[in-house]
Structure formats: C-alpha cells, structure tokens
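1. Kindly return the folded structure for what I paste below:
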Amino acid sequence: MHESTIGVTSAHGIIPSFYVVPDLSDVWPAIILYMDAPGIREELHNMARRIAGQGYACIVPDLYHRYGTLRFDLPRRSDSMTSVMLAAYRGLTDADINQDTAGLIGYLDSRSEVDSEKMGSIGYCMSGRFVTTAAKCFADRFSCAASMYGTRLVTDEEDSPHLHLQGISAELYYSFGSIDPYTPPDYIAALRTELNSAGLKFEVNVFDGADHGFCFVERSTYNTVASEASWKKVFDLFSRHLK
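-> Numbering: from 1, shown residues only. Model prediction:
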C-alpha cells in the first residue's frame, strides 16, 4: 500500500489531501471520499485505506481548506466545538465543492497509476449532498456515487439537490438509519420520489435501528450490521462500474 499527504491545486488554492493506492506499478480506478462535518481525521484515512484495499486509488480532500486548518478533537466535543463545526460546514456551497472536485479530477488525471476516465465517489453526512451535486456537475466523469446518511439533500430551498437530479448519469446509492433525526421518513420519501421522477438508476436502503453516523467505528452510534451492509453495497456499486 502506498499513501501520502499531498497538496492538490485548485482554482481556490491548495487542497491538503490524503491519497492512498494499492501500489504504483499497476493502474487503479479512482474514488473520491468526501469528508463529513467533523472533518479530516485518521478515521477517514482508515476508511480510504479500506477502499484502496479493494483495488482503488482513493483521495480524501480537506473540504475546510478555505478556512485554513481545522481539526476537531471529537472525544472532547463540546457545544462550542459543535458550533464551530456547524458554521464551517454550513459555509460550504455546492459551487465550492465542485471547484474542489475539478482540482481533484485534474490531480487524478495526472497520476500514471490512476484510471480516472470514469470514477466513483462516496460521501458522509454533509457530503451526501455533495456527491450528488458533483455527480451532476461532472456527469461525464462519475459513473457511480454513494451517499451515506446524507444531510441537506432535501430542503425547502430552490437549490435543493433533490429538485435538480436531471442530468446525472451515475448510478446512485443512498443509505440511511431509521432513527436518524436529520433524515426522517418524509425526507427519504421525498428523495425517492424525485429520484424516480428523474429516471435515475439508484438504490435507497434504510437500516432499522441505525442512527446518524452509523458507519463510523469511533462514534457512539456505530452500527456494525448497518455499516457492513452499506460497505458491501458500496463495493458492489464500485465494482459494477469501475472494474
């Protein structure tokens, strides 16, 4: 396994990113892993390593790079820390992430060990929205995208992603927890309705008894059954389109 911390050039500036690939002597399909609201940490790097272990080049960009360097000490999470985290995450726009994604695609295109003609993505929490909007913006590049308990996919705003799904060519996978307060049943139902209306190829799973953050092993809401079932769905998705 080869891994490194790199700086990816973008229109906004340098994006600090973690990059991992099985080795440099072969060619691997590309996956972009978009972080959740708590930001960059070793837990995300371990998830990228798991993806690379399945035969992919995986990159994890620091989406908070516009603010400088933000790192949250999650075991000591407090109300004030949560306020900063929410402000950072709510300050990001779809256009910001698409700008970052353009830089990431350019970097992956430059790597001789990466086949980036068609790529996949996976996003958690806040980035469940961003993998969806990026799949539309770069419809010619993303062939598959996975959104894990994605927030702000369904909003009352005019730019709500669920209202602008036409044009996506990627197959989409969405997973949610049945007791996640951020993604209640009516939220999931509205997303399903619009995915069907747009004629997209997709799957939505709702896991009984799973709460927000069920994929993260360091979170109190970690749910082994839901997490592993989601990983299987994600790897099946990636394999169908990228191998």
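2. When you work out contacts or count neighbours from here on, use the C-alpha atoms and nothing else.
-> OK.
3. which residues does the residue lying closest to Val8 once chain neighbours are set aside contact?
-> Computed as Cα to Cα, 6 or more residues apart in numbering, the closest residue to Val8 that is not its neighbour in sequence is Ile15, at 4.9 Å. Residues counted as contacts of Ile15 (Cα atoms under 8 Å, 6 or more residues apart in numbering) are 7-9, 61-63, 65, 100.
4. Could you rerun that using 10 Å?
-> 6-9, 60-66, 100, 103-104 (Cα atoms under 10 Å, 6 or more residues apart in numbering).
5. try Gly177
-> Gly177 makes contact with 148-149, 183-185, 205-214, 223, 226, according to Cα under 10 Å, 6+ apart.
6. rewinding a little: how far away is the residue nearest to Val8 from Cys137?
-> If you measure Ile15 against Cys137 using Cα to Cα, to the nearest Å, the figure is 19 Å.
7. quick one: least confident helix or strand in the chain?
-> Lowest mean confidence among the helices and strands of the chain (mean pLDDT, DSSP states H and E): helix 79-90, at a mean of 81.
8. what's the following helix or strand after that helix?
-> helix 94-110 (DSSP states H and E).
9. packing partners for that next one?
-> strand 2-9, strand 14-21, strand 28-34, strand 57-61, strand 114-124, helix 126-137 (3 or more Cα pairs under 10 Å, 6 or more residues apart in numbering; DSSP states H and E).
10. So which bits of that helix are buried?
-> Neighbour counts over helix 94-110 (16 or more other Cα atoms under 10 Å) mark 94, 97-105, 107-108 as buried.
11. Take these and write them to CSV, including distance to Phe72 and pLDDT.
-> Below are these laid out as CSV (distance: Cα to Cα, whole Å; pLDDT from 0 to 100):
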residue, distance to Phe72, pLDDT
Asp94, 23, 96
Ile97, 21, 97
Asn98, 24, 97
Gln99, 24, 97
Asp100, 21, 97
Thr101, 23, 98
Ala102, 26, 98
Gly103, 25, 98
Leu104, 24, 98
Ile105, 27, 97
Tyr107, 27, 97
Leu108, 28, 98
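12. could these go into TSV alongside distance to Ile179?
-> Converted to TSV, these look like this (distance: Cα to Cα, whole Å):
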residue	distance to Ile179
Asp94	27
Ile97	28
Asn98	31
Gln99	34
Asp100	32
Thr101	31
Ala102	35
Gly103	36
Leu104	34
Ile105	35
Tyr107	39
Leu108	37
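13. now, which of these sits nearest Asp159?
-> The shortest approach to Asp159 among these belongs to Asp94, at 9.3 Å (Cα to Cα).
14. List the residues that contact that closest one.
-> Taking Cα under 10 Å, 6+ apart, one finds 100, 127, 129-134, 137, 159, 161 in contact with Asp94.
15. what do you get if the cut-off is 8 Å, keeping everything else the same?
-> For Asp94, the contact set (Cα under 8 Å, 6+ apart) comprises 130, 133-134.
16. again with Phe235
-> Counting by Cα under 8 Å, 6+ apart, Phe235 touches Gln54.
17. Tell me if it really is in a helix.
-> Yes - counting by DSSP: H, G, I helix; E, B strand; the rest coil, Phe235 is part of a helix.
18. what's the spacing between it and Thr151?
-> With distances taken as Cα to Cα, Phe235 is found 22 Å from Thr151.
19. same thing with Ala210?
-> Distance, Ala210 to Thr151, using Cα to Cα: 15 Å.
20. repeat for Asp73
-> 22 Å.
21. Between the two, which is the more surrounded one?
-> Legend: neighbour count by other Cα atoms under 10 Å for Asp73 and Thr151, higher for Thr151 (21 against 10).
22. tell me which element that one falls in.
-> Under the criterion DSSP H and E, no helix or strand holds Thr151.
23. In the protein, where is pLDDT below threshold?
-> Applying pLDDT under 70 to the chain flags no residue at all.
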